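1. Pasted the sequence and its predicted model underneath.
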Amino acid sequence: MTVLYIDADACPVKEEAERVATRHRVRMLLVSNGGIRPSRNPLVEIVVVPEGPDAADMWIAERAGPGDVVVTQDIPLAARCVEGGARVLKPNGEALDARNVGQALAVRDLMTDLRAADPFRQGGGKAFSKADRSRFLDALEREVRAGLRQG
(Lines give C-alpha, C1' and ligand atoms only; values in the text may rest on other atoms or scores of the structure.)
Protein backbone atom coordinates (compact mmCIF):
# COMPACT_ATOMS: atom_id res chain seq x y z
CA MET A 1 0.00 0.00 0.00
CA THR A 2 1.50 3.31 -1.12
CA VAL A 3 2.21 5.95 1.52
CA LEU A 4 3.01 9.58 0.73
CA TYR A 5 5.69 10.91 3.11
CA ILE A 6 6.16 14.68 3.32
CA ASP A 7 9.30 16.13 4.90
CA ALA A 8 7.01 18.86 6.22
CA ASP A 9 9.36 21.46 7.69
CA ALA A 10 9.39 24.34 5.20
CA CYS A 11 7.61 22.27 2.51
CA PRO A 12 5.76 24.68 0.19
CA VAL A 13 3.51 22.06 -1.44
CA LYS A 14 1.66 20.40 1.45
CA GLU A 15 -1.77 21.47 0.17
CA GLU A 16 -1.05 20.19 -3.34
CA ALA A 17 0.19 16.89 -1.95
CA GLU A 18 -2.97 16.53 0.12
CA ARG A 19 -5.14 17.05 -2.97
CA VAL A 20 -3.30 14.29 -4.85
CA ALA A 21 -3.38 11.95 -1.83
CA THR A 22 -7.13 12.51 -1.47
CA ARG A 23 -7.79 11.92 -5.16
CA HIS A 24 -6.00 8.56 -5.00
CA ARG A 25 -7.09 7.62 -1.44
CA VAL A 26 -3.43 7.39 -0.34
CA ARG A 27 -2.32 7.79 3.27
CA MET A 28 -0.22 10.95 3.69
CA LEU A 29 2.19 11.51 6.59
CA LEU A 30 3.42 15.03 7.38
CA VAL A 31 6.63 14.47 9.34
CA SER A 32 8.19 17.32 11.30
CA ASN A 33 9.51 18.53 14.65
CA GLY A 34 6.16 20.24 15.26
CA GLY A 35 4.31 23.37 14.28
CA ILE A 36 2.24 21.80 11.50
CA ARG A 37 -1.47 22.62 11.36
CA PRO A 38 -3.68 19.54 11.61
CA SER A 39 -5.84 18.58 8.66
CA ARG A 40 -9.44 17.42 8.89
CA ASN A 41 -8.69 14.96 6.11
CA PRO A 42 -8.72 11.41 7.55
CA LEU A 43 -5.98 10.37 5.09
CA VAL A 44 -3.55 12.97 6.47
CA GLU A 45 -1.62 12.21 9.64
CA ILE A 46 0.85 14.45 11.43
CA VAL A 47 3.93 12.75 12.82
CA VAL A 48 5.86 14.82 15.33
CA VAL A 49 9.38 13.54 15.89
CA PRO A 50 11.65 14.51 18.79
CA GLU A 51 13.81 17.61 18.46
CA GLY A 52 17.25 16.92 17.12
CA PRO A 53 19.28 17.05 13.96
CA ASP A 54 17.70 15.10 11.13
CA ALA A 55 15.11 13.36 13.36
CA ALA A 56 12.35 13.76 10.75
CA ASP A 57 14.70 12.60 7.98
CA MET A 58 15.70 9.49 9.90
CA TRP A 59 12.05 8.67 10.68
CA ILE A 60 11.08 8.89 7.01
CA ALA A 61 14.15 7.02 5.72
CA GLU A 62 13.55 4.13 8.12
CA ARG A 63 10.00 3.62 6.84
CA ALA A 64 9.78 4.64 3.15
CA GLY A 65 10.15 1.77 0.73
CA PRO A 66 9.04 0.38 -2.62
CA GLY A 67 5.77 1.87 -3.82
CA ASP A 68 6.00 4.84 -1.44
CA VAL A 69 6.51 8.46 -2.50
CA VAL A 70 8.66 10.91 -0.52
CA VAL A 71 8.57 14.69 -0.98
CA THR A 72 11.70 16.42 0.31
CA GLN A 73 14.25 19.10 -0.49
CA ASP A 74 16.83 17.26 1.63
CA ILE A 75 19.23 15.51 -0.74
CA PRO A 76 20.78 13.09 1.80
CA LEU A 77 17.26 12.01 2.82
CA ALA A 78 16.36 11.61 -0.85
CA ALA A 79 19.41 9.41 -1.40
CA ARG A 80 18.49 7.15 1.53
CA CYS A 81 14.89 6.85 0.32
CA VAL A 82 15.94 6.08 -3.26
CA GLU A 83 18.27 3.41 -1.88
CA GLY A 84 15.30 1.94 0.00
CA GLY A 85 13.24 1.76 -3.18
CA ALA A 86 10.95 4.78 -2.66
CA ARG A 87 10.07 7.32 -5.33
CA VAL A 88 11.35 10.80 -4.44
CA LEU A 89 10.27 14.26 -5.57
CA LYS A 90 11.55 17.69 -4.73
CA PRO A 91 8.84 20.34 -4.20
CA ASN A 92 9.65 21.84 -7.62
CA GLY A 93 8.65 18.54 -9.28
CA GLU A 94 12.16 17.27 -9.95
CA ALA A 95 12.31 13.50 -9.50
CA LEU A 96 15.36 12.02 -7.80
CA ASP A 97 16.21 8.43 -8.59
CA ALA A 98 19.15 6.05 -8.82
CA ARG A 99 20.36 7.78 -12.02
CA ASN A 100 20.61 11.33 -10.64
CA VAL A 101 20.64 11.32 -6.83
CA GLY A 102 24.43 10.78 -6.69
CA GLN A 103 25.00 13.86 -8.83
CA ALA A 104 22.56 15.85 -6.68
CA LEU A 105 24.52 14.83 -3.56
CA ALA A 106 27.80 15.86 -5.19
CA VAL A 107 26.42 19.29 -6.16
CA ARG A 108 25.02 19.76 -2.65
CA ASP A 109 28.40 18.93 -1.11
CA LEU A 110 30.19 21.26 -3.52
CA MET A 111 27.84 24.13 -2.70
CA THR A 112 28.30 23.49 1.03
CA ASP A 113 32.08 23.66 0.56
CA LEU A 114 31.81 26.88 -1.48
CA ARG A 115 29.64 28.54 1.17
CA ALA A 116 32.07 27.45 3.90
CA ALA A 117 35.00 28.90 1.95
CA ASP A 118 33.24 32.26 1.41
CA PRO A 119 31.23 33.35 4.45
CA PHE A 120 29.77 36.26 2.45
CA ARG A 121 28.22 33.90 -0.10
CA GLN A 122 24.56 33.66 0.88
CA GLY A 123 21.35 32.47 -0.74
CA GLY A 124 21.65 31.72 -4.41
CA GLY A 125 18.40 29.79 -4.66
CA LYS A 126 15.60 31.06 -6.84
CA ALA A 127 12.14 31.83 -5.51
CA PHE A 128 9.48 29.11 -5.59
CA SER A 129 7.15 29.87 -8.52
CA LYS A 130 3.70 28.96 -9.81
CA ALA A 131 5.46 26.96 -12.52
CA ASP A 132 7.32 24.96 -9.84
CA ARG A 133 4.00 24.25 -8.09
CA SER A 134 2.42 23.12 -11.36
CA ARG A 135 5.39 20.87 -12.21
CA PHE A 136 5.17 19.37 -8.73
CA LEU A 137 1.47 18.55 -9.11
CA ASP A 138 2.05 16.84 -12.46
CA ALA A 139 5.06 14.92 -11.17
CA LEU A 140 3.34 13.85 -7.94
CA GLU A 141 0.35 12.59 -9.89
CA ARG A 142 2.67 10.43 -12.04
CA GLU A 143 4.69 9.15 -9.06
CA VAL A 144 1.63 8.26 -6.97
CA ARG A 145 0.10 6.37 -9.90
CA ALA A 146 3.39 4.52 -10.45
CA GLY A 147 3.65 3.76 -6.73
CA LEU A 148 0.12 2.38 -6.65
CA ARG A 149 0.94 0.10 -9.60
CA GLN A 150 4.17 -1.00 -7.90
CA GLY A 151 2.76 -1.46 -4.40
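-> Great, that's in hand.
2. residue contacts, Val70?
-> Val70 sits next to 5-7, 60, 64, 77-78, 81, 86-89 when contact means C-beta atoms under 8 Å, 6 or more residues apart in numbering. Quick note: C-beta positions are derived from backbone N, CA and C, even for glycine.
3. can we see that at 10 Å?
-> Taking C-beta atoms under 10 Å, 6 or more residues apart in numbering, we find Val70 in contact with 3-7, 29, 31, 60-61, 63-64, 77-78, 80-82, 84, 86-89, 96, 143.
4. backbone phi and psi for it, please?
-> Here is the backbone geometry of Val70 (degrees, to the nearest 10): phi -120, psi 130.
5. let's number from 11 now, not from 1
-> Understood, numbering begins at 11; the last thing we discussed is Val80.
6. what pairs with it across the strands?
-> Here Val80 sits in beta bridges with Tyr15, Val98, going by DSSP bridges.
7. re the thing from before, of the contacts of Val80, keep whichever come out buried.
-> Burial by neighbour count, 16 or more other C-beta atoms under 10 Å: within these this picks out 13-17, 39, 41, 70-71, 73-74, 87-88, 90-92, 94, 96-99, 106, 153.
8. So which of those are in strands?
-> Those of the buried ones among the contacts of Val80 mapping onto strands are 13-17, 39, 41, 97-99, 106, per DSSP state E.
9. hmm, which two among these are most spread apart?
-> Greatest spatial distance in these: Leu39 and Leu106, 18.7 Å, computed using C-beta to C-beta.
10. buried stuff in stretch 27-41?
-> Neighbour counts over stretch 27-41 (16+ other C-beta under 10 Å) mark 27-28, 30-31, 34, 36, 38-41 as buried.
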